[in-house]
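S.K.: What follows is a predicted protein model with its sequence.
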Number of protein chains: 2
Amino acid sequence: MSNLVAPHGGKGLTVCLLEGAERDAELKKAAGLKKVTISGRVKGDLIMIGIGGFSPLTGFMTKADWKGVCENFLTADGTFWPVPVMLDAAKEEAAGIAVGDEIALYDAEGDEIMATMKVTEAFELTDEEKTWECEKVFMGEGTPTAEDFWKIAKEDHPGVQMVMQQKEISLAGPVKVLSEGEYPVKYAGVYHRPSESRAIFDEKGWSEVAALQLRNPMHRSHEYLCKIAVEVCDGVYIHSLVGNLKPGDIPAETRVKCIDSLVKNYFVEANVVQGGYPLDMRYAGPREGLLHATFRQNYGCSKMIIGRDHAGVGDFYGMFEAQTIFDKIPAPAEAGKALLCTPLKIDWTFYCHKCDGMASLRTCPHGKEDRVLLSGTMLRKMLSEGGDLPDHFGRDEVVVILREYYQGLTEKVEIKTHKAALGD
Amino acid sequence: MSNLVAPHGGKGLTVCLLEGAERDAELKKAAGLKKVTISGRVKGDLIMIGIGGFSPLTGFMTKADWKGVCENFLTADGTFWPVPVMLDAAKEEAAGIAVGDEIALYDAEGDEIMATMKVTEAFELTDEEKTWECEKVFMGEGTPTAEDFWKIAKEDHPGVQMVMQQKEISLAGPVKVLSEGEYPVKYAGVYHRPSESRAIFDEKGWSEVAALQLRNPMHRSHEYLCKIAVEVCDGVYIHSLVGNLKPGDIPAETRVKCIDSLVKNYFVEANVVQGGYPLDMRYAGPREGLLHATFRQNYGCSKMIIGRDHAGVGDFYGMFEAQTIFDKIPAPAEAGKALLCTPLKIDWTFYCHKCDGMASLRTCPHGKEDRVLLSGTMLRKMLSEGGDLPDHFGRDEVVVILREYYQGLTEKVEIKTHKAALGD
């Protein structure tokens, strides 16, 4: 028997991925269906729906779902859900599609059939509606006015851009997922379905599992978050985003290598599991923190580590808004429809020389001059220029991997420049 | 409104301490009552009953309570309670006492009237019964047979000795407590009644408070336990025993000074409160861990930090028996009667050179040679001989205080020896 938290929504894991003969038959049928090409974000969402990571969702959202989620964090049937999960199609693409039709969803990159969907609703989201969605989903509490938000959001918020660039028509309906894309092969052993992570945790006899969300290389501050969780929970799931990030971020392969090395050298392996999930970042800050907790519940985690500026970008959110939002969300009357994965809120963490170890603003009374603090920008500069990182910031084994990655980048640029000079 | 955990037992804080005119009147009456002199342990228990620290207890236990507590952790009315709370009297003392009588309880040291009690039951506990109690309360799970237990318990277990030396007659009944002894003056600002600690926590807006039990000087391993709790709770209550210990242990005044210095130099003061409680150690290991959680619930704590060999002595208990016992205790049907303060279980902690900070067996994968480990005996030897402690073991500010204490001891011994040599 499993002692893990139940999947979100009260219906178990709602897996929509077909396999074997069922999949073969569906693929055959799909070839004759009207084609809709999906974006990277939609692909990630689709795979998550397929593997039960977005339980209890079994398809893309209706307009009522969309409105409820934006407004009150609730789908039309009263289930907690923090961000819209939408399938968009261009007007021309959607023109021939009627409610009741089955359609085939194609990966934009590989031209692979990813899924079929039975269309239950097709509706337009106007620019005004998308604007409203963005203000609901991406605007931090501290933003004085929507005008202030839009002054910077249009150019600097990748999540907002994604929503505003969505094509005109939204299609809702249940899906049958036919592929997990490149993930099972590219991230073999790291990419897990929720049923797999749950089996791993059950095998270890865990009941309280904390999830660490990662989209950046893991330095000592993340390690410390993790280790606090290891001290007080049965185990930790280091769960990296292996979908798409914004340009300039470090790719998942490199990050996974860093985590491997950290786990090997600095963790008791019995207490940690590394995994990867196929979503793109939305950079929705507090709302994305809630999404992280929601799908981690499906992966078997009852605690979600939420640190400083979780899932943030630029200065859009307050430093700890992704922590406090957990205290403000609605509590659906039916227990199964409420979010059961609770936050493990941890303050800003760093190495402090006077503390003689890792600490946070909650535990360290010392001054800025005693602390090893480094912005992401400074870190990237130091790594790419080959300079030494300050002591205690990262683990040597990890820094070596990051340096290699950055050197590779530099070499690529040099080769390109060289070729350009030769007129190639 | 308070967000703190409710006191144990479902009846609020059951305060039995009289003050002002009520106390004056009771004291006058007490002077004419039959006198019973109490031991140090009974005095501590009595004060705790007085200030509501032992809520819902309002007096000493009946035979049915005693039996239920030893056997099933339940008093006669089905409330969780882990150790007997008994008042013992010599046969001669008890000879003239009848059920229904009021008696006066006198401090053995100061001859102060501590309380009055209405006797509801007087019963003998035979040596066989005390033996049974000791085996139930003090015998660790790993002890092969009772015979093995008694081979060492008689000489080496101070808690067992206390029970076996109890006088023949046990007196049960509700008390009116008239004094808190030396504690409010001797430990002014540190000694708290549960109503006081609760007011402090409420003032800080805390809801989840973790308690750290301390009876030894606070080194970095204790600091680390505390800091993990600070990271994940609203605050920590560093709650030292200021009652009696076994000979050779460091007195409470010195320990309180060490904590003062630690809090001042290494904690964010807003997140920590220091307190003291008036009990003697029972060295009941797992059962005492439960007692610590029970009365901490009354002080307003919902989490009890339980580390390695909690409340242990010698090798009587398994290293983590005081953690696992929390999973085995009965859960009374009435919520109020169950223990609500849950354990924050933390593994063996130490500084590790490779981890470059504090760690535990759950988080550190390295070897013994990388860890700074020091037994209590070695520590005492190093401190009293003036040798240097290994780096990272304790904080300098604390070590200085301990050194002073040990030097004072040596000087006293030297003076004595000198006087002895002079024939004085």
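M.R.: Received the coordinates, thanks.

S.K.: Now do the residue in chain A positioned nearest to chain B against A:Phe267, distance only.
M.R.: Of all residues in chain A, the one sitting closest to chain B is A:Gly357 (3.1 Å; Cβ to the nearest Cβ). In short, each C-beta sits where N, CA and C put it, glycine included. Distance of A:Gly357 to A:Phe267, computed by Cβ to Cβ, to the nearest Å: 16 Å.

S.K.: who has more neighbours, these two?
M.R.: A:Gly357 (25 against 22; other Cβ atoms under 10 Å in any protein chain shown).

S.K.: quick one: contacts for the more buried one?
M.R.: Neighbouring residues of A:Gly357 by Cβ atoms under 8 Å, 6 or more residues apart in numbering or on different chains: A:Tyr351, B:Tyr351, B:Asp356, B:Gly357, B:Met358.

S.K.: Now flag whichever of these is closest to B:Cys233.
M.R.: Nearest to B:Cys233, judged by Cβ to Cβ, of the contacts of A:Gly357 is B:Met358 at 17.7 Å.

S.K.: What does the pLDDT read for the closest residue to that closest one other than its chain neighbours?
M.R.: With sequence-adjacent residues excluded and distances taken as Cβ to Cβ, 6 or more residues apart in numbering or on different chains, B:Met358 is closest to B:Tyr224, at 4.1 Å. The per-residue pLDDT reported for B:Tyr224 equals 97.

S.K.: got the angle between the helix or strand hosting B:Tyr224 and helix A:220-232?
M.R.: According to DSSP states H and E, B:Tyr224 maps onto helix B:220-232. Helix B:220-232 and helix A:220-232 are oriented at 100 degrees to each other (axes from the mean of the first three to the mean of the last three Cα atoms, to 10 degrees).

S.K.: what about helix B:220-232, distance to the chain center?
M.R.: The chain centre lies 20 Å from the centre of helix B:220-232; the measure is Cα atoms, centre = their mean, to the nearest Å.

S.K.: Within its sheet, name the partner strands of the helix or strand hosting A:Met304 and how each one runs.
M.R.: Assigning secondary structure by DSSP H and E places A:Met304 in strand A:303-306. Applying DSSP bridges, strand A:303-306 is found paired with strand A:209-214 (parallel), strand A:342-345 (parallel).

S.K.: Buried residues of the helix or strand just after that strand, list them for me.
M.R.: Following strand A:303-306 in sequence order, the next helix or strand is helix A:321-324 (DSSP H and E). Within helix A:321-324, the residues scored as buried using 16 or more other Cβ atoms under 10 Å in any protein chain shown are A:Glu321, A:Ala322, A:Gln323.

S.K.: Can you list the neighbours in contact with the strand holding A:Met304?
M.R.: Contacts of strand A:303-306 (Cβ under 8 Å, 6+ apart): A:208-213, A:225-226, A:229, A:233, A:289, A:292-293, A:296, A:322-323, A:326, A:341-346.

S.K.: Mind giving me the ChimeraX select for these, buried ones only?
M.R.: To isolate the buried ones among those in ChimeraX, judged by 16+ other Cβ under 10 Å, type:
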select /A:208,209,210,211,212,213,225,226,229,233,289,292,293,296,322,323,326,341,343,344,345,346
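
S.K.: and the stretch 251-400 of chain A, which residues reach chain B?
M.R.: Within the stretch 251-400 of chain A, the positions near chain B by Cβ under 8 Å from any Cβ of the partner chain are A:265-269, A:271, A:344-347, A:351, A:354-365, A:392.

S.K.: And those residues, which of them are buried?
M.R.: When these are checked for burial by 16+ other Cβ under 10 Å, the buried set is A:266-268, A:271, A:344-347, A:351, A:355-365, A:392.

S.K.: So which of the residues you listed belong to helices?
M.R.: In helices, defined here by DSSP state H, the members of those are A:Tyr266.

S.K.: and A:Asp388, what does it touch?
M.R.: Counting by Cβ under 8 Å, 6+ apart, A:Asp388 has contacts A:Met382.

S.K.: now do A:Phe320
M.R.: Counted by Cβ under 8 Å, 6+ apart, A:Phe320 has contacts A:Arg308, A:Lys345, A:Asp347.

S.K.: Then A:Met218?
M.R.: A:Ile238, A:Arg255, A:Cys258, A:Ile259, A:Leu262, A:Val398.

S.K.: just checking, it is part of a helix?
M.R.: No. The assignment for A:Met218, made by DSSP: H, G, I helix; E, B strand; the rest coil, is coil rather than a helix.

S.K.: Per-residue confidence, A:Thr62, what does it come out as?
M.R.: Looking at A:Thr62, its pLDDT is 98.

S.K.: Which residue comes closest to it once chain neighbours are left out?
M.R.: A:Ala172 (4.2 Å).

S.K.: close enough to count as contact, that neighbour and A:Leu57?
M.R.: No. A:Ala172 sits out of contact with A:Leu57 when judged by Cβ atoms under 8 Å, with a separation of 10.9 Å.

S.K.: Could you work out the most separated pair of the contacts of A:Gly357?
M.R.: Using Cβ to Cβ, the contacts of A:Gly357 span at most 14.1 Å, a distance reached by A:Tyr351 and B:Tyr351.

S.K.: Quick check: the residue nearest to B:Met358 touching B:Thr349?
M.R.: Yes. Taking contacts as Cβ under 8 Å, B:Tyr224 lies within contact range of B:Thr349: 4.9 Å.

S.K.: between those two, who's got more neighbours?
M.R.: Using other Cβ under 10 Å, the more surrounded residue of B:Tyr224 and B:Thr349 is B:Thr349, with 25 against 22.

S.K.: beta partners of the more buried one?
M.R.: Note on B:Thr349: beta-bridge partners by DSSP bridges are B:Ser360.

S.K.: now A:Leu105
M.R.: Counting by DSSP bridges, the residues bridging with A:Leu105 are A:Val36, A:Ala115.

S.K.: do you know how far the closest residue to A:Arg41 other than its chain neighbours is from A:Leu178?
M.R.: Excluding the flanking residues, the one nearest A:Arg41 by Cβ to Cβ, 6+ apart is A:Asp280, at 4.6 Å. Counting by Cβ to Cβ, the gap from A:Asp280 to A:Leu178 is 20 Å.

S.K.: These two: which has the busier surroundings?
M.R.: Counted by other Cβ under 10 Å, A:Asp280 and A:Leu178 do not tie: A:Leu178 has more neighbours, with 24 against 20.

S.K.: wouldn't the more buried one be in contact with A:Lys28 here?
M.R.: No. With contact defined as Cβ under 8 Å, A:Leu178 does not reach A:Lys28; the gap is 10.6 Å.

S.K.: Could you find the closest non-adjacent residue to A:Ile169?
M.R.: In this structure, A:Ile169 finds its nearest non-sequential neighbour in A:Ala94, 4.0 Å apart by Cβ to Cβ, 6+ apart.

S.K.: which residues touch the one you found?
M.R.: Contacts of A:Ala94 by Cβ under 8 Å, 6+ apart are A:Val36, A:Ala122, A:Glu168, A:Ile169, A:Leu171.

S.K.: could the residues you listed go into JSON lines alongside neighbour count, pLDDT and secondary structure?
M.R.: Output for the contacts of A:Ala94, formatted as JSON lines (neighbours: other Cβ atoms under 10 Å in any protein chain shown; pLDDT from 0 to 100; DSSP: H, G, I helix; E, B strand; the rest coil):
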{"residue": "A:Val36", "neighbour count": "24", "pLDDT": "96", "secondary structure": "strand"}
{"residue": "A:Ala122", "neighbour count": "18", "pLDDT": "97", "secondary structure": "strand"}
{"residue": "A:Glu168", "neighbour count": "17", "pLDDT": "96", "secondary structure": "coil"}
{"residue": "A:Ile169", "neighbour count": "20", "pLDDT": "97", "secondary structure": "strand"}
{"residue": "A:Leu171", "neighbour count": "26", "pLDDT": "98", "secondary structure": "strand"}
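
S.K.: which pair in the residues you listed spans the largest distance?
M.R.: Greatest spatial distance in the contacts of A:Ala94: A:Val36 and A:Glu168, 12.9 Å, computed using Cβ to Cβ.
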